[in-house]
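>>> only geometry, no sequence info:
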């Protein structure tokens, strides 16, 4: 009887004890297949470790699941909380998933290690009789680091086959920045219908790149009969296909450069002679074969000059298996004095002829008419003339005659001249105040607001949005509406 009681107690202890486990969806995989590791813990308070990588492989995805249940054991009720953390990664060789420590209700528990076997996939060369094929191709077998090249994945199906579903692994392009061209190409080739998926690869390191074979599952439509109702329904008939592998030699470029490709640069300036505070517009365009999406080195800083620029507009397109890029960026320069837009130079490595060359943007001397320096000179000249005229007006011929005759002017004449001088001075001062008020810059004008807010574009998202709207409005975009209340609030901060 004692032994039975001990046995029951042991079973209850096991059932009530905290538990942690580690499982994978498959322990033996084909190279390139993703592994899903599930960590499970049961208890009230559970703390999973922060796992960024497993072995030499980064975690590609993480998800969490939680559930609770009530168990009744020998009349005793216990609420059980179960939590799962699913981690995915893609190993390329045999490895051991280590044990992980999970804290459950204050107790540190450890999972068991798991051995993973990675099997190499042999490339498949189609014979021309298959219902489905999968092929990886590239028009270049040797490229430089930074030189973009096209890789195509062709899934072919016989015209006579009724395709129901197609599921493929994502190709693994190690050491390359990959960009998928979204538009799938479909065309007929002999007895096959070909679905082409294109990727632009830009290698980042020198290496012998091997694109491993891709595995895909294909469902052919078949029919089955429902034994209960006797009706016929569609049923997928699954099969597996494997692509070939592909080798590309990635070479280091002879020297460092700002850009890699075959590019041409054009520049356009609307005017090099403007009035004070009027804009000078320059448009820079770079186009040719190569990748320009990461090019962001074109900027200007000139003391005393307000400079506006939008984000560069970059477009890419495939043209006869080549990546053609176009880069356009516009600048606006505003100043009240003469200034010089400096020249710019960028180095380019041309992968077509293995030569380096420079792309140059010219410098421009901008002549600002009516600049503040010229205005100051004119004002000084006018002041000297005014002073001379007032001397002539106060020492008139009559006064000179009286002085030369040795006669003193009468008192009432002196008093009248004094009063007249005061009146003239007051009128002049008042006129200057009115003129100053009348010609003072209005900050709520779009052009003035743009100059005030632009230096603070990086300090506030509202300022950045307002500057872009003002600039778009200035360039003739009639769809933009300026929030006057918001503009007034922003100007109040920075005035």
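Happy to help now that I have it. Source: prediction; values computed, not measured. Numbers count the residues shown, from 1 in each chain.

>>> Quick check: closest non-adjacent residue to residue 108.
Leaving out its chain neighbours, the residue that sits closest to residue 108 by CB to CB, 6 or more residues apart in numbering is residue 101, at 5.4 Å. Yep, even glycine has a C-beta here, placed from its N, CA and C like the rest.

>>> Over to residue 143?
Nearest one to residue 143, counting by CB to CB, 6+ apart, is residue 149 at 5.0 Å.

>>> which residues does the residue nearest to residue 108 contact?
49, 108-110 (CB atoms under 8 Å, 6 or more residues apart in numbering).

>>> and these, which are buried?
residue 109 (16 or more other CB atoms under 10 Å).

>>> closest to residue 138 among the contacts of residue 101?
Of all the contacts of residue 101, residue 138 sits closest to residue 49, with 41.3 Å by CB to CB.

>>> residues touching residue 130, list them.
Residue 130 makes contacts with 158, 241, as judged by CB under 8 Å, 6+ apart.

>>> meant to ask about residue 48, not that
39, 41, 83, 85, 102.

>>> State the distance from it to residue 103.
Residue 48 sits at a distance of 8 Å from residue 103 (criterion: CB to CB, to the nearest Å).

>>> Doesn't residue 448 lie inside a strand?
No - per DSSP: H, G, I helix; E, B strand; the rest coil, residue 448 lies outside any strand segment and is helix.

>>> sorry, back to before: if I look at the residue nearest to residue 143, how far off is residue 273?
47 Å.

>>> Compare the two and say which one has the larger neighbour count.
residue 149 (23 against 11; other CB atoms under 10 Å).

>>> Please work out how many residues are found near residue 417.
Neighbour count for residue 417, taken as other CB under 10 Å: 13.

>>> sec struct for it, please.
helix.

>>> Could you tell me the model confidence score at it?
Model confidence at residue 417, given as pLDDT, is 71.

>>> the helices in the protein, which residues?
Along the chain, the segments classed as helices by DSSP state H run 2-16, 372-394, 397-404, 411-438, 446-453, 461-474, 484-494.

>>> Go ahead and name everything in contact with the fifth one.
Residues from elsewhere that reach helix 446-453, judged by CB under 8 Å, 6+ apart: 277, 306, 308, 334, 441-443, 463, 466-467, 470-471, 473-474, 482, 487, 490-491, 494-495.

>>> of the residues you listed, buried ones?
Buried among these (16+ other CB under 10 Å): 277, 306, 308, 334, 443, 463, 466-467, 470-471, 473, 487, 490-491.

>>> Can I get the residues you listed in CSV including pLDDT?
Converted to CSV, these look like this (pLDDT from 0 to 100):
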residue, pLDDT
277, 84
306, 88
308, 88
334, 91
443, 56
463, 83
466, 84
467, 81
470, 82
471, 77
473, 78
487, 84
490, 81
491, 80
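
>>> if we can go back for a sec, name whatever forms a beta bridge with the residue nearest to residue 108.
residue 110 (DSSP bridges).

>>> I'd like the distance between it and residue 57.
With CB to CB as the criterion, residue 101 and residue 57 are 20 Å apart.

>>> which residues sit in contact with residue 317?
With CB under 8 Å, 6+ apart, residue 317 has these contacts: 323-324.

>>> sorry, back to before: select from the contacts of residue 48 the one having the most neighbours.
residue 102 (25 neighbours).
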